[in-house]
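Student: the sequence and its predicted three-dimensional model are supplied below.
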Amino acid sequence: MNTYNKIYSENKNVFGLKPTAILETALKVVSNKSIALDIGAGQGRDTIFLAKSGFAVDSIEKSDVAINYLKSLNNSNICPIQTRIEDFDIVEDRYDLINAINVLQFVEDENIPNVTTKIKAGLKSGGVVVIASFTEEDPSFLEQSFKKYFAKGELKKLFSDFEIIFYREKLVDDNPHGGTPYPHQHGAVEVVARKR
């Protein structure tokens, strides 16, 4: 947590102001825009976008610097909660949309089934989940810089009981940011899936 506190303290809008592109795509298939959960919200680019799109947003993040920033927005549609996803009890059938962008790579591999089960249970029928994470194709995989790297097709299999609306695995170029201040690549997986 101290690493991200430092990054967020020293860099305003580390990952930019625009929402994640896959989240914008997902909103096109969300039928009810009532309540959303943003997991690993960081400095809130997706949380703010969701609130502006009409959602009440439960925004969870472990960095107190990021949470304090979200609180400072004084937006009644945003409920900042400081916690880790592993420790957060997702209320069943609460959310129309759950957003988990670049957060699951920080979860221990053995905790992924529990976390994905909680995400599934937290969605209402017809609710949509949006996930982006890292794959074993990521250049950092050999160094095991992160806790979880998804194998080919693994995330799709985890959500095989959902309607898969969008799924992609690819190598992507990433711009410099607070965590990695030089151009780099990631093996990335993205999924948008709807609860049946």
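Tutor: That came in fine, so what should we check first? Residues are numbered from 1 along each chain as shown.
Student: alpha carbons only for contacts and neighbour counts from here, please
Tutor: OK.
Student: okay, buried residues for the helix ranked longest in the chain please.
Tutor: Assignment by DSSP state H gives helix 112-122 as the longest helix of the chain. Buried residues in helix 112-122, defined by neighbour count with 16 or more other C-alpha atoms under 10 Å: 112, 115, 118-122.
Student: stretch 173-188 too?
Tutor: Neighbour-count burial for stretch 173-188 flags 177-178, 186-188 (criterion: 16+ other C-alpha under 10 Å).
Student: what mean pLDDT does that stretch have?
Tutor: For stretch 173-188, mean pLDDT is 83.
Student: one more: stretch 29-43?
Tutor: Here the average pLDDT along stretch 29-43 is 95.
Student: ok, and what's touching that stretch?
Tutor: Identification of contacts with stretch 29-43 by C-alpha atoms under 8 Å, 6 or more residues apart in numbering yields 8, 13-14, 46-47, 50, 53-63, 66-67, 69-70, 84-85, 94-103, 126-128.
Student: return the distance of that stretch from the chain's centre.
Tutor: Offset of stretch 29-43 from its chain centre (C-alpha atoms, centre = their mean, to the nearest Å): 9 Å.
Student: quick one: end-to-end distance for it.
Tutor: End-to-end distance for stretch 29-43, by C-alpha to C-alpha, to the nearest Å: 25 Å.
Student: buried members of the contacts of stretch 29-43 into ChimeraX, please.
Tutor: The buried subset of the contacts of stretch 29-43, as determined by 16+ other C-alpha under 10 Å, is captured in ChimeraX by this line:
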select :8,13,14,46,47,50,55,56,57,58,59,60,61,62,63,66,67,69,70,84,85,94,95,96,97,98,99,100,101,102,103,126,127,128
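Student: return the subset of the contacts of stretch 29-43 lying in strands.
Tutor: Of the positions in those, 56-61, 95-101, 126-128 sit in strands, assigned by DSSP state E.
Student: relative to its centroid, which residue of this structure is most remote?
Tutor: The outermost residue of the chain, judged against the average C-alpha position, is residue 142 (23.4 Å), by C-alpha atoms, centre = their mean.
Student: and residue 60, what does it touch?
Tutor: Residue 60 neighbours (C-alpha under 8 Å, 6+ apart): 37-41, 67, 80-85.
Student: make CSV out of those residues and add distance to residue 21.
Tutor: Listed next are the contacts of residue 60 as CSV, based on distance: C-alpha to C-alpha, whole Å:
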residue, distance to residue 21
37, 17
38, 15
39, 16
40, 16
41, 15
67, 23
80, 22
81, 24
82, 25
83, 25
84, 24
85, 22
